[in-house]
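> Sequence and computational prediction follow.
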Amino acid sequence: MSTTSKDTTRSPRWIPITLALTSLASLMGSMVLLGQGALISLTLFVILFPLTLINLLVRWWPRQRCERIRNEKRWKRRLNFTATGVMVAAGINLFAGVNFFGTPMGTTLLVAGTLLLPVAIIMAILSFSLGRTDVTQTVLEEEEHLILQADTHWAIFLPPIQLVTLCLLLVLGPFGLGGEVIAAIIYLAVLPGIMARALAIFLNTEVSITDRRMITVTGTLLRRTRVMRLDEIKAAGIYRSWLGRLLGYGKVGIICHGGQSLKLPGIADPETLRDMLDPSGRVVTSSF
């Protein structure tokens, strides 16, 4: 395995701070100002908010493999307590909101309970994923050497970020009750699933190449381990959008001689993985 060197591609610290403060100021402006000023502030917020989140992700983990979190058991315990507390609070708010339905207090409690539910689900998934063993190390054979462990790119979180931004736009924009209903449906029914998938890929995916085999581990609740010998792989290719080419990530597709196929999404630097599996590069696709 290659050693991790100090990253010099991160943006200066003042950039995410400036973006965060500007996003907050534009959000406050959309609530305080009236007319065209409120619309301009809302537009700025919709643009700056995802940029802020993306910049923070770039600073946190640009392309290097995510290091193991220190004191994982302690963080797992904290997340368990936090997720339980948030879930209980959401249930209490929803129950009280139904009892006081039709009053301003009831509406506030219902909104608070609704907002807390996906947060509790995401925390529970994070807690479940922490502290898992590295499956690759447990299936290595004697005298088998690990050559490459592919990284999962942070851009896997772009779809949930876009959904959160869309929800904010529908709620804060001039769309009335219809926009709020659509935002609630997206937030409750769509966002948790998309976020859970992104977390599953980011936290639970292992893609390793040894001098003999390729080992992949995928899944959240039930992790599936696949082991195939390198001589069983017929071809490998890259599937990328324009954003994938810009940020340096993509989906790697693998075809075996037996007709089986495998797709690994969100791989950082997919060319390196593809070249190790199929040096000829016969199967290369530049779009999804």
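Received it, and whenever you're ready, just let me know what you need.

> and the helix ranked longest in the chain, average pLDDT?
Counting by DSSP state H, the longest helix found in the chain is helix 72-99. Averaging pLDDT along helix 72-99 gives 80.

> what's the answer for stretch 50-62, then?
Throughout stretch 50-62, pLDDT has a mean value of 64.

> I'd like to check the angle between the next helix or strand after the longest helix of the chain and helix 72-99, please.
Next helix or strand after helix 72-99 toward the C-terminus (DSSP states H and E): helix 104-129. Helix 104-129 and helix 72-99 are oriented at 160 degrees to each other (axes from the mean of the first three to the mean of the last three C-alpha atoms, to 10 degrees).

> For helix 104-129, list every residue counted as buried.
109-114, 116-129 (16 or more other C-beta atoms under 10 Å). For the C-beta atoms, the positions are set from N, CA and C on the backbone; glycine is no exception.

> Tell me which other helices or strands the longest helix of the chain touches.
The contact analysis (3 or more C-beta pairs under 8 Å, 6 or more residues apart in numbering; DSSP states H and E) places helix 72-99 against helix 104-129.

> Pull the residues that contact whichever helix or strand I215 is part of.
Following DSSP H and E, the helix or strand that holds I215 is strand 213-218. Counting contacts by C-beta atoms under 8 Å, 6 or more residues apart in numbering, the residues outside strand 213-218 that touch it are 135-136, 139, 144, 200-201, 204-209, 223-230, 233, 254, 262, 264, 277.

> Return the members of the residues you listed classed as buried.
Here, 16+ other C-beta under 10 Å leaves 136, 200-201, 204-209, 227-228, 233, 254, 262, 264, 277 buried among the contacts of strand 213-218.

> Identify the farthest-apart pair in these.
For these, the maximum inter-member distance is 24.3 Å, found between A200 and I233 (C-beta to C-beta).

> Among the buried ones among the contacts of strand 213-218, which one lies nearest to L33?
Nearest to L33 among the buried ones among the contacts of strand 213-218, with distances taken as C-beta to C-beta, is I201, at 40.0 Å.

> just checking, that closest one touches I156?
Yes - using C-beta atoms under 8 Å, I201 makes contact with I156 at a distance of 5.2 Å.

> So for those two, which residues contact both of them?
Shared contacts of I201 and I156 (C-beta under 8 Å, 6+ apart): 265-266.

> Sketch out the strands for the stretch 151-288 of the chain, chain order is fine.
Along the stretch 151-288 of the chain, counting by DSSP state E, counting those that start in this stretch, strands occupy 206-210, 213-218, 224-229, 233-239, 249-256, 261-268.

> Name every strand pairing with the second one and say which way it goes.
Paired with strand 213-218 in the same sheet, following DSSP bridges, are strand 206-210 (antiparallel), strand 224-229 (antiparallel).

> show me what contacts K234?
Neighbours of K234 in contact, by C-beta under 8 Å, 6+ apart: 255-257.

> From those residues, list the buried ones, please.
I255.

> got a list of what M31 touches?
Counting by C-beta under 8 Å, 6+ apart, M31 has contacts 38, 172.

> Which strand or helix spans it?
Counting by DSSP H and E, the element that carries M31 is helix 14-32.

> Using the neighbour-count criterion, name the buried positions in that helix.
Buried residues in helix 14-32 (16+ other C-beta under 10 Å): 15-16, 19-20, 22-23, 26-27, 29-30.

> Reformat the residues you listed as a markdown table; add pLDDT.
As requested, those are arranged in a markdown table below (pLDDT from 0 to 100):
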| residue | pLDDT |
| --- | --- |
| I15 | 74 |
| P16 | 74 |
| L19 | 81 |
| A20 | 82 |
| T22 | 86 |
| S23 | 81 |
| S26 | 82 |
| L27 | 77 |
| G29 | 80 |
| S30 | 74 |
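
> show me what contacts the residue nearest to M87 when sequence neighbours are not counted?
Among residues not flanking M87 along the chain, A120 sits closest, at 4.0 Å (C-beta to C-beta, 6 or more residues apart in numbering). Residues near A120 by C-beta under 8 Å, 6+ apart: 83, 86-87, 90.
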